[in-house]
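Student: okay, sequence plus prediction incoming.
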Amino acid sequence: MSETIVTTDRLTKRYGDRLAVDAVSLTVRRGEVYGFLGPNGAGKTTTLRMLLGLIRPTGGHATVLGSSPGSPKAVARIGALVEGPGFYPYLTGRDNLRVMARYQGLDDPAVDAVLDRVDLTSRARDRFGSYSLGMKQRLGVASALLGGPALLVLDEPTNGLDPAGMADMRSLVVDVAAGGQTVVLSSHLMGEVQEICDRVGVIAGGRLLAESTVTDLRGASAVKLVAAPFDRALAVAMRVGGDDAVEVVGSAGTGAETRGELRVQADPSVVPALTRELVADGVDVLEIRAVERSLEEVFFEMTGTSSNHQHEVRTLETLEVSR
């Protein structure tokens with residue numbers, strides 16, 4: 001996975017006075033699932049369209065599979081689904097794929113194989129125009145998988161799928177990468193990216209805010225402790241975790257009745273030892289548990305988004321799932 005197969009250097013796209021993509025520099029390594037994470041309108045799709053050669057950048061440059069975006073050499077090794085699938089509505093799902101397969105010099109068994117991978121075999125003889133949004137999305141992914149491309153570019157691939165379909169699609173993406181193919185996956189669903197992606201590029205307002213592994217972005221694990229009396233609990237936590245590892249979140253009450261909440265930057269494995277030390281010192285442990293930041297929390301910290309907006313985004317994601 002050390003070989004870089006997609007690179008961009010200050011890739012920029014401007015539409016009149018509007019800067020859609022602002023000097024984005026990213027790398028995608030062979031065999032990984034790269035998550036391009038950001039809200040709708042962040043510049044994800046515009047960036048993917050430039051990588052595929054569908055639109056020209058205003059500034060900067062990119063290299064895809066060792067070639068310029070849109071070059072015949074690069075296109076021949078890429079499968080893509082961007083901004084929803086487009087097929088002949090009067091043809092069946094299978095016949096639509098057969099048309100695409102013929103352009104690639106592929107035979108019918110190749111079509112049947114990708115239909116099976118996206119679980120559409122039973123509906124392959126139905127006209128595309130009769131498909132639900134989720135089925136259309138599955139057929140679009142099937143078309144991208146034709147020919148076993150080295151790079152698979154998927155723009156919001158779970159759009160329109162029910163929860164079971166979303167889980168199946170995530171499993172498919174992981175399976176594709178396990179087979180040696182590289183996947184670039186854009187999404188505004190942070191839980192989805194956290195679950196299946198090896199590395200993540202966080203984009204907002206057209207700018208790449210961060211690029212790293214999911215683990216590194218989420219940061220170190222911590223232990224939440226609520227205990228009383230607070231001063232004694234604080235002393236034990238500092239003794240076990242170290243002075244610099246303990247953060248006072250808050251406290252209430254007076255004297256022996258004072259209870260407080262602490263956050264200890266430590267591996268969850270420290271919980272048993274910390275609990276024993278607290279009890280041995282006569283501390284009442286009201287709550288102790290390992291906590292980890294979600295990718296959602298990291299994203300909102302990066303963008304400085306308010307808690308009200310977090311609620312709005314969660315609501316939008318719920319609506320997306322229920323469509």
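Tutor: Thanks, I have it. Since this is a predicted model, take the numbers as computed values, not measurements.
Student: which parts of this protein are strands?
Tutor: Along the chain, counting by DSSP state E, strands occupy 4-15, 18-24, 27-29, 33-37, 59-64, 78-81, 151-155, 182-187, 199-204, 207-213, 222-228, 246-252, 259-264, 284-291.
Student: deepest of these, which one?
Tutor: With neighbours taken as mean count of other CB atoms under 10 Å, those reach their highest mean count in strand 33-37, at a mean of 27. Yep, even glycine has a C-beta here, placed from its N, CA and C like the rest.
Student: for it, packing partners?
Tutor: Under the contact criterion of 3 or more CB pairs under 8 Å, 6 or more residues apart in numbering; DSSP states H and E, strand 33-37 touches helix 44-51, helix 163-178, strand 182-187, helix 190-196, strand 199-204.
Student: parallel or antiparallel, which strands does that strand pair with?
Tutor: The strands beside strand 33-37 in its sheet (DSSP bridges) come out as strand 182-187 (parallel), strand 199-204 (parallel).
Student: and the ones you listed as a markdown table, adding mean pLDDT and distance to residue 70?
Tutor: Converted to a markdown table, the strands paired with strand 33-37 look like this (pLDDT from 0 to 100; distance: least, CB to CB, whole Å):
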| stretch | mean pLDDT | distance to residue 70 |
| --- | --- | --- |
| strand 182-187 | 92 | 16 |
| strand 199-204 | 90 | 21 |
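Student: returning to that earlier point: looking at the strands of the chain, which one has the lowest mean pLDDT?
Tutor: Mean pLDDT values for the strands of the chain show the minimum at strand 246-252, a mean of 83.
Student: in the stretch 101-250 of the chain, where is pLDDT below threshold?
Tutor: Along the stretch 101-250 of the chain, segments meeting pLDDT under 70 span 219-220.
Student: before we move on, the earlier item: the strands of the chain into JSON lines, with extra columns for distance to residue 119?
Tutor: Shown next, in JSON lines, are the strands of the chain (distance: least, CB to CB, whole Å):
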{"stretch": "strand 4-15", "distance to residue 119": "28"}
{"stretch": "strand 18-24", "distance to residue 119": "34"}
{"stretch": "strand 27-29", "distance to residue 119": "27"}
{"stretch": "strand 33-37", "distance to residue 119": "20"}
{"stretch": "strand 59-64", "distance to residue 119": "29"}
{"stretch": "strand 78-81", "distance to residue 119": "16"}
{"stretch": "strand 151-155", "distance to residue 119": "16"}
{"stretch": "strand 182-187", "distance to residue 119": "18"}
{"stretch": "strand 199-204", "distance to residue 119": "27"}
{"stretch": "strand 207-213", "distance to residue 119": "30"}
{"stretch": "strand 222-228", "distance to residue 119": "40"}
{"stretch": "strand 246-252", "distance to residue 119": "47"}
{"stretch": "strand 259-264", "distance to residue 119": "44"}
{"stretch": "strand 284-291", "distance to residue 119": "36"}
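Student: relative to residue 105, which of those strands is closest?
Tutor: For the strands of the chain, proximity to residue 105 was assessed by CB to CB; strand 78-81 is nearest, at 14.9 Å.
Student: quick check: closest non-adjacent residue to the residue nearest in space to the middle of the chain.
Tutor: Centroid-nearest residue in the chain, with CA atoms, centre = their mean: residue 193, separated by 2.0 Å. In space, and not counting its chain neighbours, residue 193 is closest to residue 35: 3.9 Å by CB to CB, 6 or more residues apart in numbering.
Student: what bridges to the one you found?
Tutor: With DSSP bridges as the rule, residue 35 is bridged to residue 185, residue 200.
Student: one step back: redo the strands paired with strand 33-37 as CSV? Include distance to residue 9.
Tutor: Listed next are the strands paired with strand 33-37 as CSV, based on distance: least, CB to CB, whole Å:
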stretch, distance to residue 9
strand 182-187, 17
strand 199-204, 14
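Student: tell me which of those strands sits nearest to residue 241.
Tutor: Nearest of the strands paired with strand 33-37 to residue 241, taken as CB to CB: strand 199-204 at 28.7 Å.
Student: can you tell me what sits against the closest one?
Tutor: 24, 26, 29, 32, 34-39, 42-44, 47, 193, 208-214, 217, 295, 298-299, 302-303 (CB atoms under 8 Å, 6 or more residues apart in numbering).
Student: just checking, the residue nearest to the centre of the chain touches residue 187?
Tutor: Yes. At 5.3 Å, residue 193 counts as touching residue 187 under the criterion of CB atoms under 8 Å.
Student: now the common contact residues for the two.
Tutor: Common contacts of residue 193 and residue 187, defined by CB under 8 Å, 6+ apart, comprise 35, 37.
Student: what's around residue 139, how many residues?
Tutor: The tally of other residues near residue 139 (other CB atoms under 10 Å) stands at 25.
Student: what about the residue nearest to it when sequence neighbours are not counted, how many neighbours?
Tutor: Among residues not flanking residue 139 along the chain, residue 93 sits closest, at 5.1 Å (CB to CB, 6+ apart). The tally of other residues near residue 93 (other CB under 10 Å) stands at 27.
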